[in-house]
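J.: turn this into a model:
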Amino acid sequence: MAAGMAGAPLGAANAGLITPSQEAGAVVAGVEALGVQIAKVRAAVGRIIFGQDEVIDQTLITVLSGGHALLVGVPGLGKSRLVETLGVVLGLATKRVQFTPDLMPADIVGSEVLDETDGRRSFRFVPGPVFCQLLMADEINRASPRTQSALLQAMQEQRVAVGGVEHRLPQPFHVLATQNPIEQEGTYPLPEAQLDRFLLEIIVGYPDPDAERTMLLATTGSVNARPAPAMTAQELIEAQALIRRVPVGEKVVEAILSLVRGGRPETAEDEAVRRHVSWGPGPRAAQALMLASRARALLGGRLAPSVDDVVALARPVLRHRMALSFSARADGVALADVIDRLVARLG
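T.: Numbering: from 1, shown residues only. Reported below is the predicted structural model:
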């Protein structure tokens, strides 16, 4: 909260009395300082990753919101390189787990081993790679659902329980998972409960011709660019706290509720949604839209989110939290069409 007290007189701060104008001034000052830092982060990442500006922004939105992201795309588009680059640029302790069909839950969270010291035997916990600040879950859908589920508690509660003992994870803690399209050979669909824990599902597509040309020339020479730190873990924690203090207008709140509740067959007013959607987004989707909209506004140099931010984030927030019914698939209706229909109702 140190950043939040910056604009308050010492006496008022000690008494815990901060006026609304002082709080607003502290937020404005914090947003301006964060804007400078984000510009440095974007520039540092942009020197390594080419032609994926929207993907970079959505990943930064996820991290600034304190969440986790699922990056979906065919192999070779730079998903893993983006995660590695962000780890360095944001100053986070990063570890990588290559998900394979034979990967076990203990390979992620850790396990207890029998230790003998001075003739006494006891179990000692050996932490797994999840004990880091940024976990790259590479090709997460190549592991079995049982192994994928090992991350459920870590992603939601920032802790894991092994042998009846809970262990806290370092702060901040983020999972950036890469996923191949589920139509590929040797992939498993992620459990719905785990999908819901990802703040955004980010689609990574092919770069445009100019960006691909730049990438080709930059990455096949004798010298490759290396990422440089532009932020620290503590600065990221402070930025995440600032995001939660950004004011949100009533129109934005109503737009979020309209989208989320309108996507549930039980509460939808649209007959097409009731017919085509098997299950809709839960309350965590509304929370994700609220935080992500605030973060997107700050990325754009604005002090408060607008309905346009909600509209721009509707697909990344909702598409992995909804499922189509059989009738929708029979009618050739895509999930993106349903989400766009919900967005159109916002007016």
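J.: by mean pLDDT, which helix or strand of the protein comes out lowest?
T.: Least confident element among the helices and strands of the chain, by mean pLDDT, DSSP states H and E: helix 10-14 (a mean of 42).
J.: next SSE downstream of it?
T.: helix 20-46 (DSSP states H and E).
J.: how about the one helix or strand Glu84 maps to: buried residues?
T.: Using DSSP H and E, Glu84 maps to helix 79-89. Neighbour counts over helix 79-89 (16 or more other Cβ atoms under 10 Å) mark 79-80, 82-89 as buried. Using the backbone N, CA and C atoms, a C-beta is placed for each residue, glycine as well.
J.: what of stretch 181-194?
T.: 187-188, 190, 194.
J.: from those residues, which two are the most distant?
T.: Thr187 and Gln194 (14.4 Å; Cβ to Cβ).
J.: how close does Val36 get to Gly25?
T.: 17 Å (Cβ to Cβ, to the nearest Å).
J.: does Pro281 touch Arg321 like I think?
T.: Yes: contact criterion Cβ atoms under 8 Å: Pro281 and Arg321 qualify, at 4.1 Å.
J.: in the stretch 151-300 of the chain, which spans are strands?
T.: Ranges of strands within the stretch 151-300 of the chain are 159-162, 165-168, 174-179, 200-203, 277-279, based on DSSP state E, counting those that start in this stretch.
J.: which of those sits most buried?
T.: For the strands of the stretch 151-300 of the chain, the largest average neighbour count (mean count of other Cβ atoms under 10 Å) is found in strand 174-179, namely a mean of 26.
J.: can you pull the contacts of Leu103?
T.: Residues in contact with Leu103 (Cβ atoms under 8 Å, 6 or more residues apart in numbering) are 97, 143-144, 147.
J.: check it and give its pLDDT.
T.: Leu103 is assigned a predicted lDDT (pLDDT) of 92.
J.: quick check: phi and psi on it?
T.: With angles defined as degrees, to the nearest 10, Leu103 sits at phi -70, psi 140.
J.: separation between it and Asp309?
T.: 37 Å.
J.: quick one, what contacts the closest residue to Pro105 other than its chain neighbours?
T.: Nearest residue to Pro105, sequence neighbours excluded (Cβ to Cβ, 6 or more residues apart in numbering): Ala150, at 3.6 Å. Residues near Ala150 by Cβ under 8 Å, 6+ apart: 105, 108-109.
J.: wait, is Ala150 part of a helix?
T.: Yes: looking at Ala150 with DSSP: H, G, I helix; E, B strand; the rest coil, it is inside a helix.
J.: that one and Leu103, how far apart?
T.: 9 Å.
J.: relative to strand 174-179, how tilted is the helix or strand hosting Leu135?
T.: Using DSSP H and E, Leu135 falls within strand 134-138. If you take axes from the mean of the first three to the mean of the last three Cα atoms, to 10 degrees, strand 134-138 sits at 10 degrees to strand 174-179.
J.: can you give the domain ranges for the protein?
T.: 23-245, 247-347 (automatic domain parsing).
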